[in-house]
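Trainee: Give me a 3D structure for the following:
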Amino acid sequence: MLIPCSSTLLVVLKKCSSIKHLHQVHAQAIANGLLSADPSPVLTHVLFALTALIPAPPSLSSPSTEASASYLSSVFRAIPDPSTFCYNTIIRAHTLLASPLSALLLFVEMRRLGLPLDFHSFPFALKACAQLQALSLARALHSQAFKLGFAADLFVVNTLVRVNSVCGQVADALRVFDESSCRDVVSFNSMIDGLVKSGGVENARRLFEEMPERDAVSWGTLVAGYAQTNQCDEAIRLFDLMIASGIQPDNVAIVSALSACAQLGEIDRGKKIHDYIRENEIRIDSFLCTGLVDMYMKCGCIEMAMELFEASPEKNVRTWNAVLVGLGMHGYGHSSLDYFSRMVLSGLRPDGVSILGVLVGCSHAGLVREASEIFEEMESVYGVVRELKHYGCMADLLARAGLVKEAEDMIHKMPMRGDIFVWGGLLGGCKIHGNVETAERAARKVMELCPEDGGAYSIMANVYTSVNRWDDLVKTRRSLSTSAAKKSSGCS
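Mentor: The predicted structure follows:
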């Protein structure tokens with residue numbers, strides 16, 4: 001590639017479609033001496049072109065991300081007396097690369113040098129505050145923006161709403177939103193997202209209804225809010241209304257609607273959404289594939305779920321987890337072990353959900369040895385910290401298999417106090433095998449943790465019946481009646 005002059009270089013830079021291409025253009029500029037006289041204009045355009053090529057979101061801690069950050073810094077530091085535009089560009093680049101601390105240090109450097117700020121400076125710095133959840137620093141920046149006359153700017157307002165929402169200060173976000181005289185669809189979307197994430201779905205719906213115009217993000221955020229708060233019927237109704245309004249849903253809306261179908265067991269509705277994806281030729285990425293696999297698994301269509309999984313070229317940890325959890329909950333212990341091995345061999349590191357899915361599958365299939373091996377290797381081999389849910393699953397598995405003493409010993413050796421699921425797993429195994437003394441100890445623990453739950457009394461009644469301890473059965477039934485009476489009184 002021959003680049004004879006700066007004007008040609010600037011045209012070529014605008015057409016760069018990859019960072020590799022940009023490297024080549026930059027190298028040609030150096031080789032042709034275009035940086036010798038006045039490097040600032042060329043390097044400024046290189047910096048801007050590089051920032052435009054950063055994917056959102058990037059793959060965190062990947063070699064390409066680290067290389068991009070290094071290249072950005074080298075280009076920026078080679079610019080003599082960088083302008084406000086240059087600082088804004090590299091600060092934005094660091095937020096895109098999820099390096100908020102570097103972004104804020106550059107903002108501080110910019111202020112120390114006395115460079116004038118503009119309407120872009122504060123939004124980029126505030127975005128870095130949101131990534132760090134640095135509320136006090138965001139408030140300081142808000143004060144500066146107000147002092148310098150930028151607080152009413154639309155981009156500043158939108159970022160202030162965002163940072164306050166992310167930091168859990170929804171009331172402050174709402175105040176900024178309400179006081180703003182200039183709002184666009186992004187302003188409304190940021191506020192709706194903040195309300196949804198704080199549990200205020202009904203308030204989010206009211207704000208949604210007030211919007212002068214809505215986009216796919218507006219609809220998708222609210223659909224997700226309903227699905228996440230178990231208002232699944234409303235999530236599906238809103239998704240249907242979105243389609244009827246002629247708005248093509250984004251993947252967030254589609255996956256949220258699929259999740260609602262999965263929770264309700266609405267397989268026919270889930271299939272219609274899958275048909276919509278096919279008819280509109282929507283690309284099934286790893287996020288969408290995970291939602292489809294999860295929906296089909298939870299609705300019992302295992303073959304369809306596996307077919308989608310195998311056909312997908314993009315599989316991340318969550319995609320594998322949808323398969324492992326689905327196979328586990330349906331009792332396919334051997335298959336869950338096979339897919340777990342495939343996941344590890346693919347180079348992906350399993351997380352706590354992956355392990356739990358396999359343990360559940362092993363529990364249903366009675367695969368004690370295999371489950372015990374994975375449980376023992378969790379921290380040493382896979383780097384996954386054991387949580388209560390893993391101990392609860394192992395307690396259930398061991399007790400079901402008749403290894404009641406081993407299950408109780410494991411519970412006593414736990415680094416944390418057992419919860420109702422851990423002791424409940426042990427109690428369930430005692431019921432199967434008629435282990436009265438251990439059942440009594442486990443039942444006492446369950447009753448201490450959840451006195452109003454009559455499940456432990458019911459299990460103990462069955463245990464006493466199995467060994468003909470009629471006096472204890474009568475006492476337990478009286479306790480169960482008392483528990484039920486208290487529960488009814490509390491509900492009235």
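Trainee: Roughly how far does the closest residue to residue 332 other than its chain neighbours sit from residue 260?
Mentor: Nearest residue to residue 332 in three dimensions, chain neighbours excluded: residue 361, at 5.9 Å (C-beta to C-beta, 6 or more residues apart in numbering). (Each C-beta comes from the backbone N, C-alpha and C, glycine too.) Counting by C-beta to C-beta, to the nearest Å, the separation of residue 361 from residue 260 is 25 Å.
Trainee: Pull out the buried positions in the strand or helix carrying residue 44.
Mentor: When elements are assigned from DSSP states H and E, residue 44 belongs to helix 39-52. Neighbour counts over helix 39-52 (16 or more other C-beta atoms under 10 Å) mark 39, 42-51 as buried.
Trainee: so for that helix, what's the average pLDDT?
Mentor: For helix 39-52, the mean pLDDT works out to 86.
Trainee: gap between the helix or strand following it and the chain center?
Mentor: Counting by DSSP H and E, the next helix or strand C-terminal to helix 39-52 is helix 63-77. With C-alpha atoms, centre = their mean, to the nearest Å as the basis, helix 63-77 stands 27 Å off its chain's centre.
Trainee: Quick one: list the elements packing against helix 63-77.
Mentor: Helices and strands touching helix 63-77, by 3 or more C-beta pairs under 8 Å, 6 or more residues apart in numbering; DSSP states H and E, are helix 19-31, helix 39-52, helix 84-96.
Trainee: what's in contact with stretch 187-203?
Mentor: 154, 157-158, 161-162, 164-166, 168, 170, 173-174, 177, 180, 204, 207-208, 210-211, 214-215, 217-218, 221-222, 224-226, 228-229, 231 (C-beta atoms under 8 Å, 6 or more residues apart in numbering).
Trainee: Low-confidence regions, the stretch 1-150 of the chain specifically.
Mentor: In the predicted model, the stretch 1-150 of the chain carries pLDDT under 70 at residues 1-6, 37, 56-64.
Trainee: before we move on, the earlier item: alpha carbons of the helix holding residue 44, as PDB, please.
Mentor: Listed next in PDB are the C-alpha coordinates belonging to helix 39-52 (Å, rounded to 0.1, in the frame of the first residue of the first chain):
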ATOM      1  CA  PRO A  39       2.800  14.300  13.600                       C
ATOM      2  CA  SER A  40      -0.100  15.700  15.600                       C
ATOM      3  CA  PRO A  41      -2.900  15.700  12.800                       C
ATOM      4  CA  VAL A  42      -1.900  12.200  11.600                       C
ATOM      5  CA  LEU A  43      -1.600  10.600  15.100                       C
ATOM      6  CA  THR A  44      -4.900  12.300  16.200                       C
ATOM      7  CA  HIS A  45      -6.700  10.600  13.300                       C
ATOM      8  CA  VAL A  46      -4.900   7.300  14.100                       C
ATOM      9  CA  LEU A  47      -6.100   7.600  17.700                       C
ATOM     10  CA  PHE A  48      -9.700   8.300  16.700                       C
ATOM     11  CA  ALA A  49      -9.700   5.500  14.100                       C
ATOM     12  CA  LEU A  50      -8.400   3.000  16.700                       C
ATOM     13  CA  THR A  51     -11.000   4.000  19.200                       C
ATOM     14  CA  ALA A  52     -13.800   3.600  16.600                       C
END
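Trainee: Which elements pack onto it?
Mentor: Judged by 3+ C-beta pairs under 8 Å, 6+ apart, the packing partners of helix 39-52 are helix 6-14, helix 19-31, helix 63-77, helix 84-96.
Trainee: Pull out the buried positions in the first one.
Mentor: Spelled out, it's helix 6-14. Burial within helix 6-14, assessed by neighbour count using 16+ other C-beta under 10 Å, is assigned to 6, 9-10, 12-13.
Trainee: picking up where we left off before, check whether the residue nearest to residue 332 really touches residue 326, as I assumed.
Mentor: No: if you go by C-beta atoms under 8 Å, residue 361 and residue 326 don't touch, sitting 9.5 Å apart.
Trainee: residues in contact with the residue nearest to residue 332?
Mentor: By C-beta under 8 Å, 6+ apart, residue 361 lies in contact with 324, 327-329, 331-333, 335-337, 367.
Trainee: Turn the residues you listed into CSV, columns for pLDDT, distance to residue 76 and secondary structure.
Mentor: Shown next, in CSV, are the contacts of residue 361 (pLDDT from 0 to 100; distance: C-beta to C-beta, whole Å; DSSP: H, G, I helix; E, B strand; the rest coil):
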residue, pLDDT, distance to residue 76, secondary structure
324, 97, 44, helix
327, 96, 50, helix
328, 94, 50, helix
329, 93, 51, helix
331, 91, 57, coil
332, 94, 54, coil
333, 94, 55, helix
335, 96, 52, helix
336, 96, 49, helix
337, 96, 50, helix
367, 94, 56, coil
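Trainee: ok, of these, which one's closest to residue 78?
Mentor: Closest approach to residue 78 among the contacts of residue 361 (C-beta to C-beta): residue 324, at 48.7 Å.
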